[in-house]
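[1] have a look at this prediction, sequence included:
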There are 2 protein chains.
Amino acid sequence: MAGMRPDLSGVDELTINLTHRVCIGDLPTRAARQFGDRPAVVDGDVTVSYRELEARSNALARGLIERGLVRGDAVALQLQNRWQFPVALFALAKIGVTAMPLNLAISPSDVAYQLADSGVRAVVSEAAFVPVLAGAFADGPAEVTEVVVVGEAPSEIAGVPTVPWDAVVSDDTSVVETVVDDRDIVHCLYTSGTTSRPKGVLTSHVAVHIGALSSALGLGLRPDVAHPVQPIVLPLFHVTALDALMLPTLLVGGTAVLLRGFDPAALAQTFVDHRVTHVTLLPMMWAALVAQPALTDENTSSLITGLYAMAPMAQQVLAGVRARFPGAAIILGSGQTETTPASELQWNGHQGVKDESWGPATVSTDVAIMGADGGLLAADETGEIVYRSPQLMEGYWNNADANTEAFAHGWFHGGDIGHLDDEAVVWFTDRSKDIIKSGGENVSSVEVERVLLGHPAVAEAAVVGRPHERWGEAVTAVIVTVPDAVVDADELIEWAKERLAGFKTPKTIEIVDALPKTATGKVQKHVVRSSPK
Amino acid sequence: MAGMRPDLSGVDELTINLTHRVCIGDLPTRAARQFGDRPAVVDGDVTVSYRELEARSNALARGLIERGLVRGDAVALQLQNRWQFPVALFALAKIGVTAMPLNLAISPSDVAYQLADSGVRAVVSEAAFVPVLAGAFADGPAEVTEVVVVGEAPSEIAGVPTVPWDAVVSDDTSVVETVVDDRDIVHCLYTSGTTSRPKGVLTSHVAVHIGALSSALGLGLRPDVAHPVQPIVLPLFHVTALDALMLPTLLVGGTAVLLRGFDPAALAQTFVDHRVTHVTLLPMMWAALVAQPALTDENTSSLITGLYAMAPMAQQVLAGVRARFPGAAIILGSGQTETTPASELQWNGHQGVKDESWGPATVSTDVAIMGADGGLLAADETGEIVYRSPQLMEGYWNNADANTEAFAHGWFHGGDIGHLDDEAVVWFTDRSKDIIKSGGENVSSVEVERVLLGHPAVAEAAVVGRPHERWGEAVTAVIVTVPDAVVDADELIEWAKERLAGFKTPKTIEIVDALPKTATGKVQKHVVRSSPK
């Protein structure tokens, strides 16, 4: 900092920090005072009020301090969508400890890698994951000295002592006041690794807070206009559920209904039991939801904004969702872990007009298109989609090369190719690694996928380039059909040929039962690419 | 900062800053890309698009750099509500220079005090204020070396050379990229001084950005739901117009219509010429606006939120405003320079229910009530209204004692007395300095004013304690009547006696033509107190 500064010689450091800082641990403190007995988190039969959320977060924070954790340490969270997740997140934030939510679908060896890479001191887990941890600790627990377990657990896991959650929480639920800096790391999420070894993304308190405000603004979440209720189906270890859904809901005094795994009937029941105002789902979840008989005109009418994320939605599915929720905006949100996370969001007015776009940048986000020489391109020119924003990660952990590459030419590179139209709406072409180079031409796998998804028998499609002697790469499609569809590969190739240039038409189409996906629903193209049927 | 940090050894400092920072100078850069040719600022016949706002800000920033200004310097802005104001603000923010907007109603000697106290290097002014500056420079220009003038000006003012605005702006309008820290001081506003010598309030980029997001959220300003249009009548040198009205409007791509001074007919014409969606006015401005014949059901129907600020609105005026704008929420917003500024905002649902409250805290703001011993009080207990929030000022300039007092017991003290109800809604009792101590009892001047304002003949009322031999202080009211009202002091004392305890009833009521006010419309109680008619 430079220039005019106040003389605060009569004010102690903790006061300066507490009165000025951006700290996610302050969110439940403010909310407890303002929203008191309103339901903050619903987890099955358990409802946690705002007052309880704050008290339990303080009690856990005090327990963790007693166990020796200090500002700058890191702790892994290996938890399903349950009330202990936000309590642990806030407890750690309050004492300046970095939370490292673990993807629950990864293998013990990947868990071991992340524990060692991040140097976490403890793991907060639950009974169901004891076997995974045992596997992860098989070659030594790195710096992990303790596992806090929700539910029943053995007294140790591969030599690492355990302690029950209930034994950690303090009897003292009063507010915890420690120094935490705006740019301390509130969480480290490992990217899901569609293309490479997971990288730890370091995210600051200020990025999460501005991200939550921007998401609340974009989704129309407000404290005064209809108490917001948001079911959270996506896993909380994913940045979308954590920072774009749960935190904005809690910021404005809404209710986050936590669901574990995706059960369409259970989600539909949430609409029956609550006045759901906002929900974000993967396209396939939307398709399953609207087929649920429990949904009625009455219990769907409360929805204000329905977001789909991670993938484009087939036009017929989108039409079905809009028909089932005629009073809501059904729009696409885009982002990634590195942008905490919402970087683009369609406007309500884009429905039916620019459905296949990503929409414009969110407020606080600057999005531009960069050419190969590092210069920014004009409207309608295609290049790398790049970002500047206070929502950006501080950087990747323990990976200077990845940081140098990610911030080349003064902008953050998200790894996507696209263009801006004359209204600054982002149109995604493809992941930069998923552009297929076939016979000297560049083929967008996404463009080919869109054409295939237009066939009534195709439910999912992944298009990749596979090595080919003559073409360099051969355009190859792997598809999943809708139930009971009767279609063969030749018919689909004919369909594609009528709608695409010859060099873009798949040379081969494989029909499979399921596509390989990450835990958060992204198709793993590198697996598709390297695994012929 | 402590703990996990990324290795950014391959990334230069400017890149790290540009990709991550919170800087108000980035607002027009993002907005220009996203909103391009939309009208950002309307100033009479001049409309400045987002692209032009960015280009002109860059051109001025480059000109100021050429003239030797560097990060950490400060520059005074002595400008009416005209397009040059936001351009100058953004230009200074882009290069890390603190803007010091000058109150246009203060005397040359007060201008001289603020110029000397803040150490500004230059003043951006306009032709109309040359005489004020000449007076301010009479005893020497402190550290001011140059005055940039919009319009005609002599070549020097009391020995300080002038340069025309047009001669400062560079031909190069490309984006300016310099290092600016989140907590650099974006502006220094001197408080209006109802009780003491003005104090310079130092406000960071992060406070202004989070304040703008919170205000946009609270007012329902969104980029996609009806293009927001907001006339700005309050002066831009005041924190409300600057940070709660203009910046949130520009953040979401709306249009700020700048008006100079308050002319009810001109404001009504804005409703005729534009689809006005949001407006914030003082109560007396609302009263004058709704009497304008140019307002029709058609041109008032676009209003979404109408805010009143600075003072409570008489019930009959409020009813008249709601009748004229039946589709809008007409609510009270409260705040102060030190809280950047919105700290409380009524919810739409409080209309007709809690009209006389301040409403709950804005998101990002923690508000509590503190007892005399520094402990926080429970609901319904009356004490000092205190704050914690990333929107808070960094501190007062050059005034360690004021900072020590303002941040006593770990919270910021706004100088107001009140309580929270069981819904955490703030009820203001009085300014702590305006509590009257009469005959051993505490009397709230605001309570007495409310009763007097309930009389149909009373337009404005200020109640103070004046020294009295027997009572210590005597409750004294100074009132302004509505036009053509026939009422005398005795009749008003009778009215009050029927509605107030004996010790609260004014001993004396004086009827005057006008109350002494600051430039921003606040009654100067210290003047009322010390000046018997």
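    Now that the structure is in, tell me what you want to look at. Numbers count the residues shown, from 1 in each chain, chains lettered A, B, ... in the order given.

[2] for chain B, what's its nearest residue on the stretch 1-150 of chain A.
    The nearest approach of the stretch 1-150 of chain A to chain B comes at residue A:6, 2.6 Å away (CB to the nearest CB). Backbone N, C-alpha and C define where each C-beta goes, glycine included.

[3] in what helix or strand does that residue lie?
    Counting by DSSP states H and E, no helix or strand carries residue A:6.

[4] quick one: contacts for it?
    Going by CB atoms under 8 Å, 6 or more residues apart in numbering or on different chains, residue A:6 touches B:202, B:393, B:394, B:395, B:396, B:397, B:399, B:403.

[5] got the contact list for residue A:368?
    Taking CB under 8 Å, 6+ apart, one finds A:376, A:377, A:385, A:386, A:387, A:388, A:411, A:420, B:33 in contact with residue A:368.

[6] would you agree it falls within a strand?
    Yes - according to DSSP: H, G, I helix; E, B strand; the rest coil, residue A:368 belongs to a strand.

[7] any idea how far it lies from residue A:243?
    Noted for residue A:368: a distance of 23 Å to residue A:243, by CB to CB, to the nearest Å.

[8] any chance of the backbone angles for the residue of the stretch 1-150 of chain A closest to chain B?
    phi -80, psi 150 (degrees, to the nearest 10).

[9] ok, what's across the strand from the closest residue in space to it that isn't next to it in sequence?
    Computed as CB to CB, 6 or more residues apart in numbering or on different chains, the closest residue to residue A:6 that is not its neighbour in sequence is residue B:395, at 2.6 Å. Taking DSSP bridges as the rule, residue B:395 bridges to residue B:202.

[10] now for the closest residue to chain B within the stretch 251-400 of chain A, how many residues are close by?
    Relative to chain B, the nearest point of the stretch 251-400 of chain A is residue A:395 (2.6 Å; CB to the nearest CB). Residues within reach of residue A:395, counting by other CB atoms under 10 Å in any protein chain shown, total 30.

[11] ok, now which ones touch it?
    If you count contacts by CB under 8 Å, 6+ apart, then residue A:395 has A:202, A:403, A:406, A:407, B:5, B:6, B:7, B:8, B:11 around it.

[12] centre of the chain versus stretch A:28-39, how much separation?
    Centre-to-centre, stretch A:28-39 and its host chain are 25 Å apart (CA atoms, centre = their mean, to the nearest Å).

[13] buried sites along that stretch?
    Counting neighbours by 16 or more other CB atoms under 10 Å in any protein chain shown, one finds that the buried residues in stretch A:28-39 are A:28, A:29, A:30, A:31, A:32, A:33, A:34, A:35, A:36, A:38, A:39.

[14] just the residues you listed: which are in helices?
    Those of the buried residues of stretch A:28-39 mapping onto helices are A:28, A:29, A:30, A:31, A:32, A:33, A:34, A:35, per DSSP state H.

[15] for the fourth one, which non-adjacent residue is spatially closest?
    Right, the one you point to is residue A:31. Distances taken as CB to CB, 6+ apart place residue A:50 nearest to residue A:31, at 4.7 Å, with adjacent residues excluded.

[16] isn't that neighbour up against residue A:252?
    No - Residue A:50 is not in contact with residue A:252 according to CB atoms under 8 Å; the separation is 11.4 Å.

[17] more neighbours: those two, which one.
    Legend: neighbour count by other CB under 10 Å for residue A:50 and residue A:252, higher for residue A:50 (25 against 22).

[18] ok, the more buried one to residue B:169 distance?
    According to CB to CB, residue A:50 and residue B:169 sit 51 Å apart.

[19] kindly export stretch A:43-51 (C-alpha atoms) in PDB.
    The C-alpha trace of stretch A:43-51 is given here as PDB (Å, rounded to 0.1, in the frame of the first residue of the first chain):
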ATOM      1  CA  ASP A  43     -29.800 -32.000   6.400                       C
ATOM      2  CA  GLY A  44     -32.400 -34.700   6.400                       C
ATOM      3  CA  ASP A  45     -34.200 -34.500   9.700                       C
ATOM      4  CA  VAL A  46     -31.700 -32.000  11.100                       C
ATOM      5  CA  THR A  47     -32.400 -28.300  10.700                       C
ATOM      6  CA  VAL A  48     -29.600 -26.000  11.800                       C
ATOM      7  CA  SER A  49     -30.600 -22.400  12.400                       C
ATOM      8  CA  TYR A  50     -28.300 -19.500  11.800                       C
ATOM      9  CA  ARG A  51     -27.700 -19.100  15.500                       C
END
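
[20] which element follows the one helix or strand residue A:330 maps to toward the C-terminus?
    In this assignment (DSSP H and E), residue A:330 forms part of strand A:329-335. Downstream of strand A:329-335, the first helix or strand assigned by DSSP H and E is strand A:342-345.

[21] now do that next one: everything it contacts.
    Residues contacting strand A:342-345 (CB under 8 Å, 6+ apart): A:211, A:214-215, A:218-219, A:244, A:331-336, A:358-362, A:365, A:367, A:387, A:389, A:391, A:414, A:426.

[22] spell out which parts of the stretch 51-200 of chain A neighbour chain B.
    Counting by CB under 8 Å from any CB of the partner chain, the residues of the stretch 51-200 of chain A close to chain B are A:71-74, A:96-98, A:118, A:177, A:181-185, A:188, A:200.

[23] roughly how far apart are the residue of the stretch 401-533 of chain A found nearest chain B and residue A:412?
    Residue nearest to chain B within the stretch 401-533 of chain A (CB to the nearest CB): residue A:404, separated by 3.1 Å. Distance from residue A:404 to residue A:412, counting by CB to CB: 12 Å.

[24] which one of the two is surrounded by more residues?
    Counting neighbours by other CB under 10 Å for residue A:404 and for residue A:412 shows that residue A:412 has the greater number, 25 against 17.

[25] for that one, which residues are in contact?
    So residue A:412 contacts A:338, A:339, A:386, A:387, A:388, A:389, A:392, A:406, B:19 (CB under 8 Å, 6+ apart).

[26] quick one: the third one is in a helix?
    No - assessed with three-state DSSP, residue A:386 is strand; it does not lie in a helix.

[27] and the nearest residue to it once chain neighbours are set aside, what pLDDT?
    With CB to CB, 6+ apart as the criterion, residue A:386 has its nearest non-adjacent residue at 3.7 Å, and that residue is residue A:411. Residue A:411 carries a pLDDT score of 98 in this model.
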